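Enquirer: sequence plus the predicted model coming up.
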Amino acid sequence: QVQLVESGGGLVQSGDSLRLSCAASGRAFSSYNMGWFRQAPGKEREFVAAINWSGSSTDYADSVEGRFTVSRDNAKNTVYLRMDSLKPEDTALYYCAATRAVFTTTAVVYDNWGRGTQVTVSS
């Protein structure tokens, strides 16, 4: 098991940037594939970005491709989500998640979740 704590959310204006961090504690962080998901009020949780255990593979939702960048630093047990050109529709609670099973965009495969950090983008 790995414990995850997200940070870096906040209130920004449309077009601004933010960098979210997800700090992991526990054993063998470098063996986990990591994902970012988000949930807006009244909507289902959706996939945002994923990165494999080594950082050599990434995947993004179409809605954030080209604007968001996921990265990780295994020496610091941390995964990041750089968000540029933010839009009001990016407003949501952002979660990071971890799984050893497979590199995936599917939420149900992830068995370790943080509590989320709120991102609010005003127009």
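Expert: Received, thanks. Residues are numbered from 1 along each chain as shown.

Enquirer: just the element for the residue nearest the centre of the chain, please.
Expert: Central residue of the chain (CA atoms, centre = their mean): Trp36, 2.5 Å from the mean position. According to DSSP states H and E, Trp36 maps onto strand 33-39.

Enquirer: name the surrounding residues that touch that strand.
Expert: Strand 33-39 is contacted from outside by 20, 22, 45-53, 70, 72, 79, 81, 90, 92-105, 107, 110, 116, 119, using CB atoms under 8 Å, 6 or more residues apart in numbering. (Each C-beta comes from the backbone N, C-alpha and C, glycine too.)

Enquirer: ok, of the residues you listed, which come out buried?
Expert: Buried by 16 or more other CB atoms under 10 Å: 20, 22, 45, 47-53, 70, 72, 79, 81, 90, 92-99, 103-105, 107, 110, 116, 119, out of those.

Enquirer: in the strand holding Trp36, what counts as buried?
Expert: For strand 33-39, using 16+ other CB under 10 Å, the buried residues are Asn33, Met34, Gly35, Trp36, Phe37, Arg38.

Enquirer: distance to Glu6 and pLDDT added to those, as JSON lines?
Expert: Output for these, formatted as JSON lines (distance: CB to CB, whole Å; pLDDT from 0 to 100):
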{"residue": "Asn33", "distance to Glu6": "17", "pLDDT": "98"}
{"residue": "Met34", "distance to Glu6": "11", "pLDDT": "98"}
{"residue": "Gly35", "distance to Glu6": "12", "pLDDT": "98"}
{"residue": "Trp36", "distance to Glu6": "9", "pLDDT": "98"}
{"residue": "Phe37", "distance to Glu6": "11", "pLDDT": "98"}
{"residue": "Arg38", "distance to Glu6": "11", "pLDDT": "98"}
